[in-house]
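Peer 1: sequence and predicted structure below; questions after.
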Amino acid sequence: MDVAAFSGDNFDPKDWINKALKSSDPTQNKEAAASSLVMKLQLMIAKLNSALEDQCAAVVQSVPRVIREAGQLEQEAGLLRDKLVAVRAEMESVECETRENMSTLVRMDTVKERLGATTRALQEADNWTSLDTQVEDAFDNDDLDTVADRLAGMQASLRLLHHVADYQERVAHLEQHRNRLEATLSPLLVTAFTSKDTEAALRLVNMFRTMERGKQLSKYYHKCVRAGLLQRWAEIVMEGEGDGAGEWLDVFYGELGSKLVEQQAWAELVFPDESSSKLMCELVTDVLGSMEPSQVFCMEAAVKLSGDTLALLGDLRDKTDKFLDGVGGVVKDAGEAKLRELGKVVYKPFAQYVANYEELEARAMTAEVSSWATEKKDTIDEIHNLATCVGRVASMVESAGVRCGHLTRGVGYPALARAVARGLDTHLDRYRRLMRRLEKRKVVVDDDWSVLQHCLSANQATGDLMLQLEQLEVTLSTSFLESCRQFLGADSADLPLQQHHIFLLDSPSIISLSELFTAVSSNTGSATPLLQQSISLLSSTCSDLQKTTFSIMFHPISSQLELIPTLSTWAATTTGQGTLHTTDMPDFSFSPSEYITCVGEYLMTLPQHLEPYMSQDNAPLTRAFREAVFPGSSDTSGAAQQSPADFLLGCISSSTCTSYFSYISSIPTLNNNSSRQLAMDISYLGDILDDLGHPLTSDLSSTAVLLRLAMEKWREESGGHSNKVVAMVRQARGVSE
C-alpha cells in the first residue's frame, strides 16, 4: 500500500482511495476490498501511534541531560570573556608604556634609509665619473663592446641621480655618447644586414638594445633590405629594356616573393621579440610603393603599346594575384590595418583602369559588334545576319562578365552593365536602319509578301535576343553575387587582402556597388537590376519594330478605309442614279462595296502568309510580342496564350474594326439605301473576321444593326446599344430626336 502520498501538499483522499481500489484484486468484491483497506489503515495508524509514543518518551528522558550541558557551556563562555578583557587591558598598558620608544625607532629607521640612499648616490656619482672616463677610453681604443656596456652602467647610475642639480646636463651628455656609438655602429649594422651575417647582426643588435636604441634596429633593417630590392628592380628594368611591363613584373614578383621568405626566416633569428610578419608586410608595402619606374608608369606604357588592353590587364592581374598569394603566408599575421595597406599598394595600378572600365569594355564590345555588320545591301541577308548575331551577343556579354569578374573581382559590374548597354545600342542601330528600310516598302506588301516575312523574322530575332538577355541576367547576377559576397553583404568574410572594393574604388563608387549588390541580392521577381538598361533599350527597339510591323501589315487595309469619307455612294439620292437608289430594293440585292472587298481579300490572304508562325512553339517571336503592346492588342498576356499568327490576326482584326468605325464616324450623311449599303459592308467584314476567328467589335456590330433600322422603329429598337454609336448613326442618318 502506497502511503507516500499522505505527505504530499495536494493530497486528495478520494483519488487515493480510487487508486487503491483499482490496484486491488479484480476478482475481489469492492466492499470486501474496501473493508480490507480500512483494516490495513487502522493497523498502520496503530503502529504509528506506538512509534510516536516511544519517540516522545525518549525525548522526555533526554531533556535533563541537555539542560546540564547547556549550563556548562554558559560557564565556559563566561570564563573566556573574562580572559579576553584581561588581555585587552594588558595590551593597552604595554602600548602606553612603549609609545615614545616606538616613535624613536621609526625616526631612526627613516634616517638609516636616507643615509643609505645618500651613500648610494655618492657611489653612483663617483661611478658615473668613472664610467664616463672608461667610455672615452673605450672609444679611443675602438672597443665598442665596452662602450655599450659602460653606457648601460651610466644609464643605471643616471636613474639614481634624478634629484641632482645637473641631472639634465648628465642626460644630454649620455645622449651624446649614444649618438656617437650609433654613428659608429651604423655602417657595421648595415653591412651585417645586407650580407645577412647572423653572428655580427646579433652582436650589434644586442649593443643597440643595451644602449636603449632597440627601436632603431627595425628601421635600419627595413632601409637596408628595401634599398637592395629597389636596386634589383632597377636592374630588371634596365636588363629587360626590350621586354614589356608584364615580363618585368613577373621577374621582380618572383624574386621578391623568394626574398621575403628568406628574410622572414633570418629576421626571426635576429629580431625574436618582433613580429616578422609585420616587418615583412611593411617592407613589401614600402618597396612596391617606392619602385622607380613605378608600377603605374610601367602599366600605362604597356597599355599604350598593347592592341588588347583588357587582355593585357587580365594578364597583369594574374601575375599580381599570384604574387600576393605567394606572400600571403609570410604576411598573414601582420594585422588587418597593415594587410589592407599592402592590398591598396599592390592593386593601386589597376584602380584607374577600373574607374575607366566602362569605356574599356564599351570600346571592345562596340568594335566586336561593328565587325559583325555585313556590307551586303540585301534585306534578307541582313536579317539572316542579325539572327545569327543573337548568339554572338550572348557569347560576347558572357565573356565580358567572366573578364570583369577576373579583372575587377566583381567591383566593375556596374560599369560592365553600362558598357553592355552601349554595345547593345550599337548593335540595335542595325535594327533601326532595317526598320527604316522596311517602312519604305510597306506600299508593296500586298504584292510582295516578303516584306511581311522580313518584319516577322526581325521581330523573332529581337525576341530571341530578349530571351538571351534574360538568361544572361541570371548568369551575371549569380557571378556578381559570388564575386562580391566575400567583401559585401551580411555574410562577408573578414579577409583583409580580399577587400577589393576598398582597393579599387572611390567612395561614391563603393556606395553604387553596395546599392547594386543589395538590389540584385534582394531581387526575387522579374525585375532586372543588372541589365535593366540593356533590356530597356531592347524593349524600346522591340516596340518600334512592332509598330513598324503593324504599319506594314495594316497599310493595305488603311489605304482602303481612308477612302470611306469621300465615297460618292453615301451622298447618292433615291432618284436618277440607277438601280442602287431604288427605294424598295431588298437587302439581298446589295453587294459589298469595292473598298471592303479589297480589305476582305487581304484579310483572307493574310493567314496563309502567317502559316509558318501558327505554332505556339515559336518562343522568340512569342517573347517579342509579349514585351510591348502590339497595336490592336489590349492585353500583353495574349501573346503568350496564342500562337504568333493568331495574335497578329487578332491585332489586325481589332485595329481594322477600330479604324473602320472611326472612318464611318466621318461620313457626313447617309440615306436609307446608303445606310443599308454600309450595313452590308459591315456584315461582309464580319463574315470575313468570323472566318478568321476574330469577330466584329461590339461598336461595329451595333452600327450595322442601327443602320438597318427603319425610321419609324428607331425610337423603339435603338435602345440597348452604346450611346456613342446611337448618336453617331442618328446624326449620319438624320434621325430626329
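Peer 2: All right, it came through fine.

Peer 1: mean pLDDT per helix and strand in this protein: which one sits at the bottom?
Peer 2: helix 638-641 (a mean of 56; mean pLDDT, DSSP states H and E).

Peer 1: mind giving me the packing neighbours of whatever helix or strand comes next after that one?
Peer 2: Using DSSP states H and E, the next helix or strand after helix 638-641 towards the C-terminus is helix 644-664. Counting contacts by 3 or more C-beta pairs under 8 Å, 6 or more residues apart in numbering; DSSP states H and E, helix 644-664 packs against helix 532-561, helix 594-609, helix 619-627, helix 638-641, helix 672-692, helix 698-708. C-betas here are computed from N, CA, C, even on glycine.

Peer 1: gap between Ala522 and Gln471?
Peer 2: No, residue 522 isn't Ala; it's Ser. Ser522 is 21 Å from Gln471, where distance means C-beta to C-beta, to the nearest Å.

Peer 1: which of those two has more residues huddled nearby?
Peer 2: The neighbour count for Ser522 versus Gln471, taken as other C-beta atoms under 10 Å, is higher for Gln471 (12 against 9).

Peer 1: go ahead and confirm the more buried one touches Val393.
Peer 2: No - between Gln471 and Val393 there is no contact under C-beta atoms under 8 Å: 11.7 Å.

Peer 1: contacting residues around Gly719?
Peer 2: Contacts for Gly719 (C-beta atoms under 8 Å, 6 or more residues apart in numbering) come out as none.

Peer 1: that one: what secondary structure?
Peer 2: Reduced to three states with DSSP: H, G, I helix; E, B strand; the rest coil, the structure at Gly719 is coil.

Peer 1: look at it and report its pLDDT.
Peer 2: Gly719 carries a pLDDT value of 81.

Peer 1: and the helix ranked longest in the chain, what other elements does it pack with?
Peer 2: The longest helix of the chain (DSSP state H) is helix 30-140. Counting contacts by 3+ C-beta pairs under 8 Å, 6+ apart, helix 30-140 is packed against helix 13-22, helix 144-160, helix 167-195.

Peer 1: and Tyr663, how many neighbours?
Peer 2: Count around Tyr663 with other C-beta under 10 Å applied: 16.

Peer 1: right, and it touches Ile564 too?
Peer 2: Yes - counting by C-beta under 8 Å, Ile564 is a contact partner of Tyr663 at 4.1 Å.

Peer 1: hang on, the earlier thing: and the longest helix of the chain with helix 13-22, angle?
Peer 2: 110 degrees (axes from the mean of the first three to the mean of the last three C-alpha atoms, to 10 degrees).

Peer 1: picking that back up, just say which of the helices and strands packed on helix 644-664 is most tucked in.
Peer 2: Ranked by mean neighbour count under mean count of other C-beta atoms under 10 Å, those are led by helix 619-627, which reaches a mean of 22.

Peer 1: which neighbouring elements make contact with it?
Peer 2: helix 450-484, helix 532-561, helix 638-641, helix 644-664.

Peer 1: residue contacts, the residue nearest the centre of the chain?
Peer 2: In the chain, the C-alpha nearest the mean C-alpha coordinate belongs to Phe517, at 2.7 Å (C-alpha atoms, centre = their mean). Each residue near Phe517 by C-beta under 8 Å, 6+ apart is listed here: Phe480, Leu481, Cys484, Leu488, Gly489.

Peer 1: for PyMOL, what selects the buried ones among these?
Peer 2: Buried subset of these, written as a PyMOL selection, criterion 16 or more other C-beta atoms under 10 Å:
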select buried, resi 480+481+484+488
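
Peer 1: so can I have a markdown table of the contacts of Phe517 showing pLDDT and distance to Val94?
Peer 2: A markdown table is the format used below for the contacts of Phe517 (pLDDT from 0 to 100; distance: C-beta to C-beta, whole Å):
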| residue | pLDDT | distance to Val94 |
| --- | --- | --- |
| Phe480 | 89 | 90 |
| Leu481 | 88 | 87 |
| Cys484 | 87 | 84 |
| Leu488 | 83 | 80 |
| Gly489 | 69 | 79 |
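
Peer 1: now distance to Met435 too, for the contacts of Phe517, in TSV please.
Peer 2: Output for the contacts of Phe517, formatted as TSV (distance: C-beta to C-beta, whole Å):
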residue	distance to Met435
Phe480	33
Leu481	37
Cys484	39
Leu488	42
Gly489	43
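
Peer 1: low-confidence ranges, the stretch 501-650 of the chain, go.
Peer 2: Where the stretch 501-650 of the chain drops to pLDDT under 70, the residues are 524-528, 572-589, 616, 627-629, 634-641.

Peer 1: just the helices in the stretch 251-400 of the chain please.
Peer 2: 276-290, 295-305, 309-331, 336-355, 357-372, 379-408 (DSSP state H, counting those that start in this stretch).

Peer 1: pick the most deeply packed of the ones you listed.
Peer 2: Ranked by mean neighbour count, these are led by helix 276-290 with a mean of 21 (mean count of other C-beta under 10 Å).
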